[in-house]
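Novice: I would like to see how this sequence folds:
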Amino acid sequence: MHDGSEAQRSTFIDFPEGPLRVVHAGERGPAVLLLSGAGLDNALLSWRHLIPALAAEHRVFAVDWPKQGASRPWYGHAGHGRMLRCISDVIDHFGLGSVSIVGLSQGGALALAYAIERPERVRKLVALAPAGIVSFPPGVHQLLWLAAKTSGLTGRLSSRIFRSRAMVVRFARRALFAGPVDDFDEVVDEIHREVLANGARASDWQNASIGFRSMHVDLRPRLHEIACPTLFIQGDADIAVKAKHTAAAARRVRDARLEVLPGNGHWPNRQSPQRVNGLIVEFLAEDGFSANERDESSG
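Specialist: Predicted coordinates:
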């Protein structure tokens with residue numbers, strides 16, 4: 001099923017758990033899959049500026065994760081394994097074969113994990129402030145675990161708090177950005193509409209990723225397995241994923257490139273879209289082949 005304008009369309013892929021909405025644009029060129037963050041994010045919130053920047057030379061596909069954006073209602077648990085299958089579901093539905101993947105935060109963790117688990121399907125990889133590469137000190141870790149275990153209560157409280165637009169403004173300035181944003185009011189309005197429509201809750205992936213003593217999702221021991229060209233993008237003032245953690249992760253990936261953006265927080269694709277778009281467009285246009293592509297080209 002399709003809806004939307006000719007330039008940018010939405011396809012809903014139906015599963016027993018519910019619909020998965022994919023926003024897509026561009027008629028030619030290599031395929032690029034965009035994976036947004038968790039919580040209040042969705043495909044258009046994260047990638048509003050990147051989709052048109054890529055669509056001239058790429059076929060672009062941006063996913064609303066289960067229980068996010070228009071991928072509702074979704075019944076059942078959407079943990080790490082199911083989220084990885086969502087990536088395969090999109091690739092298979094559109095007959096893409098292999099794709100480049102761009103992921104932010106939760107989406108960055110899943111992009112990294114997918115490149116590890118399904119390397120033959122990933123041509124290039126861009127991870128912005130990725131989750132899945134951080135551990136927390138004792139005490140802090142257990143508090144986060146407790147918040148995850150009581151997610152129903154914390155979700156209801158967050159939804160009530162963020163019904164106030166003023167609280168969304170405060171949250172955006174403190175947690176998402178570290179400097180001026182040209183379309184700040186529009187971003188706040190987009191987030192506020194999402195809260196009013198769907199509430200403000202952590203994702204199943206976030207809640208399930210943390211165990212009592214250690215992280216259930218810790219990709220660091222396997223990052224060296226990533227074989228495709230990889231770009232990390234990180235704000236130096238990000239309070240959610242510290243720049244030092246992303247730098248350490250980049251060192252574990254063979255020949256990875258790291259771009260640290262001064263004065264940027266956790267959402268550089270919305271704080272500095274022209275800079276981030278330029279980095280991604282340039283990286284995807286560069287010559288450079290994964291191990292699988294080299295094998296195919298020599299076969």
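Novice: Helix, strand or coil: sort out residue 33 for me.
Specialist: At residue 33 the chain is in strand, as set by DSSP: H, G, I helix; E, B strand; the rest coil.
Novice: residue ranges for the helices of the chain, please.
Specialist: 43-47, 50-55, 80-93, 106-117, 140-149, 151-161, 165-171, 184-198, 204-208, 243-252, 268-271, 273-285, 291-298 (DSSP state H).
Novice: Give me the packing partners of the shortest one, helices and strands only.
Specialist: Meaning helix 268-271. Using 3 or more C-beta pairs under 8 Å, 6 or more residues apart in numbering; DSSP states H and E, the elements in contact with helix 268-271 are helix 43-47, strand 230-235, helix 273-285. In short, each C-beta sits where N, CA and C put it, glycine included.
Novice: Please report how far residue 165 lies from residue 146.
Specialist: Distance of residue 165 to residue 146, computed by C-beta to C-beta, to the nearest Å: 29 Å.
Novice: and what of residue 107?
Specialist: Relative to residue 146, residue 107 is positioned 25 Å away (C-beta to C-beta).
Novice: Those two: which has the busier surroundings?
Specialist: Neighbour count, other C-beta atoms under 10 Å: between residue 107 and residue 146, residue 107 has more, with 32 against 12.
Novice: Quick check: the more buried one vs residue 233, distance?
Specialist: Counting by C-beta to C-beta, the separation of residue 107 from residue 233 is 12 Å.
Novice: What of residue 85?
Specialist: Relative to residue 233, and taking C-beta to C-beta, residue 85 is found at 26 Å.
Novice: Same drill for the two, tell me which one is more crowded.
Specialist: The residue with more neighbours, out of residue 85 and residue 233, is residue 233; 27 against 13, by other C-beta under 10 Å.
Novice: ok, the more buried one - contacts?
Specialist: For residue 233, the contact set (C-beta atoms under 8 Å, 6 or more residues apart in numbering) comprises 126, 127, 128, 129, 259, 261, 268, 276, 279, 280.
Novice: what number of residues lie near the third one?
Specialist: Here the count is done by other C-beta under 10 Å, and residue 128 has 32 residues near it.
Novice: From the structure, what's the count of residues near residue 138?
Specialist: 7.
Novice: Residue 224 too?
Specialist: Residues lying near residue 224 (other C-beta under 10 Å) number 12.
Novice: same thing with residue 239?
Specialist: Neighbour count of residue 239, defined by other C-beta under 10 Å: 12.
Novice: Report the contact partners of the nearest residue to residue 102 once chain neighbours are set aside.
Specialist: Excluding the flanking residues, the one nearest residue 102 by C-beta to C-beta, 6 or more residues apart in numbering is residue 126, at 4.3 Å. Listed by C-beta under 8 Å, 6+ apart, the contact partners of residue 126 are 100, 101, 102, 103, 111, 230, 231, 232, 233, 280, 283, 284.
Novice: Could you rank the residues you listed by neighbour count and give me the top one?
Specialist: Most neighbours among these, by other C-beta under 10 Å: residue 102, with 31 neighbours.
Novice: Might you report the residue contacts of it?
Specialist: Applying C-beta under 8 Å, 6+ apart, we find residue 102 in contact with 32, 33, 34, 35, 50, 111, 125, 126, 128, 280.
Novice: For the closest residue to residue 107 other than its chain neighbours, name its beta-bridge partners.
Specialist: Leaving aside its chain neighbours, residue 107 sits nearest to residue 35 (3.0 Å; criterion: C-beta to C-beta, 6+ apart). Beta-bridge pairing for residue 35 (DSSP bridges): residue 63, residue 103.
Novice: neighbours around residue 182, how many?
Specialist: Using other C-beta under 10 Å, residue 182 has 13 other residues around it.
Novice: I meant to write residue 30 there.
Specialist: By other C-beta under 10 Å, neighbour count at residue 30 equals 18.
Novice: show me the contacts for it.
Specialist: Residue 30 sits in contact with 58, 59, 99, 100, 123, 284, where contact means C-beta under 8 Å, 6+ apart.
Novice: and the gap between residue 159 and residue 152?
Specialist: The gap separating residue 159 from residue 152 is 11 Å, by C-beta to C-beta.
Novice: This completes my enquiry, with thanks.
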